[in-house]
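> quick one, what's the 3D model for this:
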Amino acid sequence: MVIGLLTVEMHIPGARSLKDKRMVLRSIKDRLKKFNVAVSETAFQDLWQRAELGIVTVSTSDDMVDQALAAARDEIDRVEPGLITRTQVDMMEA
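Numbering: from 1, shown residues only. Below is the predicted model of the structure:
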């Protein structure tokens with residue numbers, strides 16, 4: 001079993017309040033449901049224009065995990081272009 005974690009940091013320049021930021025993140029989270037991943041806001045909860053999402057998936061092979069996380073990253077960039085400032089992928093064999 002392989003567990004993959006994609007950490008995505010974002011800058012949301014249009015957010016003028018935490019409510020604006022949450023609307024953008026909710027939209028992203030809803031779009032990622034179809035990729036069979038778990039998504040959570042993991043940092044910067046009190047900042048208006050900065051966010052970090054943790055996206056996790058589990059599979060039987062590295063390739064499947066890579067594909068799922070790449071698809072999630074691509075979907076974020078497609079739905080909200082230009083927001084991603086940094087990504088990091090971590091893998092763990094269980």
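
> the chain: helices as residue ranges?
Secondary structure of the chain (DSSP state H): helices located at 18-32, 62-79.

> quick one, phi/psi of residue 47?
As for residue 47, its main-chain torsions (degrees, to the nearest 10) stand at phi -100, psi 140.

> burial measure for the residue nearest to it when sequence neighbours are not counted, as a count.
Spatially, and ignoring its direct neighbours in sequence, residue 47 is nearest to residue 21 (7.9 Å; CB to CB, 6 or more residues apart in numbering). To be clear about C-beta, it is placed using only N, CA and C from the backbone, and glycine gets the same treatment. Taking other CB atoms under 10 Å as the neighbour definition, residue 21 ends up with a count of 22.

> try the one 10 residues further on
Here the number of neighbours of residue 31 (other CB under 10 Å) works out to 16.

> need the pLDDT of the nearest residue to residue 44 once chain neighbours are set aside.
What sits nearest to residue 44 in space, not counting adjacent residues and going by CB to CB, 6+ apart, is residue 50, at 4.4 Å. The pLDDT attached to residue 50 in the predicted structure is 96.

> test my guess that residue 50 contacts residue 8.
No. Residue 50 sits out of contact with residue 8 when judged by CB atoms under 8 Å, with a separation of 11.7 Å.

> thank you, goodbye.
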